[in-house]
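Colleague: Generate a structure from the sequence data that follows.
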Amino acid sequence: TTTTTTTTTEILAVVTVGWQISSSSNERKRHLQRIIENYREMCAATDDGDAPRFKRVTVAVAAYDFDAESMTSFLSSSSEHFFRSSRRNGDWQISLEEEKSSDGRRVTIERAERALKMNYVKENRSSSLPCEFALDLELFGFREIDGTKSHLTPGDLALRHRDIFLRRILSDCEDCDDESSDKVLFIVQEDDVYLDKKHISSFLETSKLTESANKFAEEGKGSLFYHPFFFDYEKDSDGVVYADWRVNAGFVQKWNNNQTIFTSTKASGGGRSLMIRGRSRLQDLLFSSESSSSVGETRVAELREWLDPLSVHPGEFNVEVATNRWIERKVHARVHKTKARRQVRFLLPLSSGVVDAKHRAGSLETLLDSAGIWHASNTYVERRKELSPLDPTSPSKNKKNQETLERLRWRELQQIFRSCLEEGQKSEEEEEGGENECFRCLSVTSEKKAEYRARVVVDDDDEKRRTRRRRRRIEDGFQIEIRRTVQREVTNRVGSNVSTTADGDEFEEGD
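Modeller: The predicted model follows:
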């Protein structure tokens with residue numbers, strides 16, 4: 001099903017800088033400068049000379065008050081021609097007031113803010129960029145989070161994109177109609193991940209699929225809520241790329257125009273970022289559809305909860321408030337309240353559908369590259385717990401090994417998803433079947449849908465690993481085991497010599 005959607009012509013991106021960036025190494029500021037350059041490139045003309053798809057790109061750098069001097073100096077020197085303003089923001093005051101002219105009540109939203117610096121640089125207007133690009137510094141006071149349920153950050157800066165988004169929502173309500181205000185793409189990201197043109201294009205293209213499916217469900221013809229899927233990846237000290245463990249499981253199915261897609265029931269960290277297209281979609285997620293006499297009280301409660309750091313769900317604070325996890329929580333909460341059978345699916349295309357003559361269908365490698373976002377700090381990959389070889393004398397150890405959420409390497413992930421697109425060839429070493437199990441499942445099931453799981457298993461015995469190589473069938477789906485060998489006497493590192501792909505083929509690291 002296809003539907004006409006409003007064209008996105010504007011980006012409002014909030015970049016939250018790290019804790020005490022003023023005292024951080026220059027590497028943090030280099031990350032930030034590269035992020036700003038990535039957004040500025042979205043204002044440039046396309047490679048084939050066409051005008052950019054966006055008319056306006058605004059980057060709001062969110063920082064704490066005590067970093068004001070350092071950040072102002074950095075942005076003024078590094079982005080002089082585009083640094084538009086700095087602003088100190090107060091907290092929102094939300095209340096419900098009686099309407100004198102009617103029996104109703106209205107929600108009143110106010111906030112104290114003070115402009116510290118407003119620049120109107122002539123070079124900005126006459127620059128070579130064919131669209132309007134601006135850089136703003138948004139300063140906030142430090143507020144502590146509830147350390148008993150949230151962790152990995154001392155303050156709530158990751159939440160403050162909501163203040164900036166709310167200001168834009170209110171501005172749209174006053175100055176714009178629904179169609180024009182739905183042309184903005186809201187983005188929030190941390191200052192150590194890299195989003196660029198390919199990620200934005202991928203999100204907008206995938207949104208055509210998800211929004212069409214969601215409209216189908218709203219008409220009572222489905223029970224799923226879809227949103228584009230993005231995943232983090234990191235690099236270890238040897239330069240080996242590992243994908244977010246949340247791509248280890250999900251569903252693969254044939255969709256519209258014989259298009260193959262992957263859907264996950266778990267929200268990924270999403271590249272430590274969140275993208276929402278249009279004010280109306282943001283409001284649909286933020287507000288319930290309740291239309292009773294208590295709608296005013298409901299709106300006030302929803303706004304306060306959205307802006308309050310103490311209302312955040314337990315877990316890693318930044319992930320809970322500024323990634324797809326928030327969307328997952330909101331849809332689940334609404335399901336629980338209304339008793340509706342609505343589930344969340346995060347969608348990643350594995351093949352392109354029908355395209356026109358001007359645009360070529362993207363390859364699997366291109367589609368994965370557009371969905372994978374590098375977490376440049378590589379915070380988690382070096383901390384992962386190394387898997388232990390299977391011990392036949394210890395059943396409990398075997399079970400623990402099988403359930404470890406180890407990250408797939410990038411090449412392994414490509415091989416797994418490619419097995420869903422290609423029939424494969426028969427191998428004498430296969431224990432059952434000959435074709436790629438994913439391809440077979442999609443070919444024989446009436447729903448053209450298969451549940452998928454990938455597990456990483458480690459063996460010391462290389463010969464044993466060769467003979468036990470297999471694909472295992474599971475109910476209504478397929479399971480793939482990635483087997484790695486360990487050279488413990490040399491490196492004590494998992495996968496340091498030979499890895500096995502989903503097809504059972506060996507390849508040297510870096511191949």
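
Colleague: which residues touch residue 71?
Modeller: 17, 21, 22, 61, 63, 137 (C-beta atoms under 8 Å, 6 or more residues apart in numbering). To be clear about C-beta, it is placed using only N, CA and C from the backbone, and glycine gets the same treatment.

Colleague: mind checking pLDDT for it?
Modeller: Listed pLDDT for residue 71 reads 92.

Colleague: Flag every buried residue along the one helix or strand it maps to.
Modeller: Per DSSP states H and E, residue 71 falls inside helix 68-78. The neighbour-count criterion (16 or more other C-beta atoms under 10 Å) identifies 68, 70, 71, 72, 74, 75, 78 as the buried residues of helix 68-78.

Colleague: And for stretch 262-275?
Modeller: So, applying 16+ other C-beta under 10 Å, buried residues of stretch 262-275: 262-264, 266-275.

Colleague: From the chain's centroid, how far away is that stretch?
Modeller: How far stretch 262-275 lies from its chain's middle: 4 Å, per C-alpha atoms, centre = their mean, to the nearest Å.

Colleague: same thing with stretch 66-83?
Modeller: 28 Å.

Colleague: now do stretch 371-379
Modeller: Stretch 371-379 sits 11 Å away from the centroid of its parent chain (C-alpha atoms, centre = their mean).

Colleague: Low-confidence ranges, the stretch 1-150 of the chain, go.
Modeller: Within the stretch 1-150 of the chain, the segments meeting pLDDT under 70 span 1-5, 24, 45-51, 80, 99-104, 117-128.

Colleague: Spell out the residue ranges of the strands in it.
Modeller: Along the stretch 1-150 of the chain, the stretches classed as strands by DSSP state E, counting those that start in this stretch are 10-16, 56-64, 83-98, 105-118, 132-140, 150-151.

Colleague: Pull up the gap between the spatially closest residue to residue 109 that is not a sequence neighbour and residue 106, please.
Modeller: Closest residue in space to residue 109, ignoring its immediate chain neighbours: residue 94 at 5.4 Å, by C-beta to C-beta, 6 or more residues apart in numbering. As for residue 94, its distance to residue 106 is 12 Å (criterion: C-beta to C-beta, to the nearest Å).

Colleague: Then residue 318?
Modeller: In terms of C-beta to C-beta, residue 318 sits 34 Å off from residue 106.

Colleague: Show me which of those two is the more surrounded one.
Modeller: Taking other C-beta atoms under 10 Å, residue 318 and residue 106 do not tie; residue 318 has more neighbours (23 against 12).

Colleague: which SSE is the more buried one in?
Modeller: helix 317-322.

Colleague: list the buried ones in that helix?
Modeller: By neighbour count with 16+ other C-beta under 10 Å, helix 317-322 contains the buried residues 317, 318, 319, 320, 321, 322.

Colleague: I'd like the residues you listed written out as a markdown table, with distance to residue 300 added.
Modeller: Formatted as a markdown table, the buried residues of helix 317-322 follow (distance: C-beta to C-beta, whole Å):
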| residue | distance to residue 300 |
| --- | --- |
| 317 | 24 |
| 318 | 26 |
| 319 | 27 |
| 320 | 22 |
| 321 | 20 |
| 322 | 23 |
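
Colleague: which of these lies closest to residue 98?
Modeller: residue 321 (33.0 Å; C-beta to C-beta).

Colleague: tell me the contacts of residue 225?
Modeller: Residues in contact with residue 225 (C-beta under 8 Å, 6+ apart) are 214, 217, 331, 342, 343, 344, 345.

Colleague: same deal with residue 327?
Modeller: 227, 267, 274, 276, 285, 344.

Colleague: if we go to 6 Å?
Modeller: By C-beta atoms under 6 Å, 6 or more residues apart in numbering, the contact list for residue 327 reads residue 227.

Colleague: Dump the host helix or strand of it to CSV, keeping only the CA atoms.
Modeller: If you go by DSSP H and E, residue 327 is part of helix 324-338. The C-alpha trace of helix 324-338 is given here as CSV (Å, rounded to 0.1, in the frame of the first residue of the first chain):
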residue,chain,number,x,y,z
ASN,A,324,13.5,4.6,19.7
ARG,A,325,13.1,3.2,23.2
TRP,A,326,10.9,6.1,24.0
ILE,A,327,8.6,5.3,21.1
GLU,A,328,8.5,1.7,22.2
ARG,A,329,7.5,2.7,25.8
LYS,A,330,4.8,5.2,24.6
VAL,A,331,3.1,2.7,22.3
HIS,A,332,3.2,-0.1,25.0
ALA,A,333,1.8,2.3,27.6
ARG,A,334,-1.1,3.3,25.4
VAL,A,335,-1.8,-0.4,24.7
HIS,A,336,-1.9,-1.1,28.4
LYS,A,337,-4.2,1.7,29.1
THR,A,338,-6.7,1.1,26.2
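
Colleague: Just the buried residues of it, please?
Modeller: Buried residues in helix 324-338 (16+ other C-beta under 10 Å): 324, 325, 326, 327, 328, 329, 330, 331, 335.

Colleague: Find me whatever residue is spatially closest to the first one, sequence neighbours aside.
Modeller: Nearest residue to residue 324 in three dimensions, chain neighbours excluded: residue 267, at 4.0 Å (C-beta to C-beta, 6+ apart).

Colleague: For residue 164, see how far away the one you found is.
Modeller: 22 Å.

Colleague: what do you get for residue 142?
Modeller: Applying C-beta to C-beta to residue 142 and residue 164 gives a distance of 17 Å.

Colleague: Among these two, which residue is more densely surrounded?
Modeller: Remark: of residue 142 and residue 164, residue 164 carries more neighbours, 22 against 12, as counted by other C-beta under 10 Å.

Colleague: tell me the SS of the more buried one?
Modeller: helix (DSSP: H, G, I helix; E, B strand; the rest coil).

Colleague: what helix or strand is the residue nearest in space to the middle of the chain on?
Modeller: Centroid-nearest residue in the chain, with C-alpha atoms, centre = their mean: residue 270, separated by 2.1 Å. Using DSSP H and E, residue 270 sits within no helix or strand.

Colleague: quick one: contacts for it?
Modeller: Contacts of residue 270 by C-beta under 6 Å, 6+ apart are 230, 323, 324.

Colleague: now the helices for the stretch 101-250 of the chain?
Modeller: 122-125, 161-175, 178-181, 197-216 (DSSP state H, counting those that start in this stretch).

Colleague: Need the winner for burial among the ones you listed.
Modeller: Highest mean neighbour count of those: helix 197-216, a mean of 19 (counted as mean count of other C-beta atoms under 10 Å).
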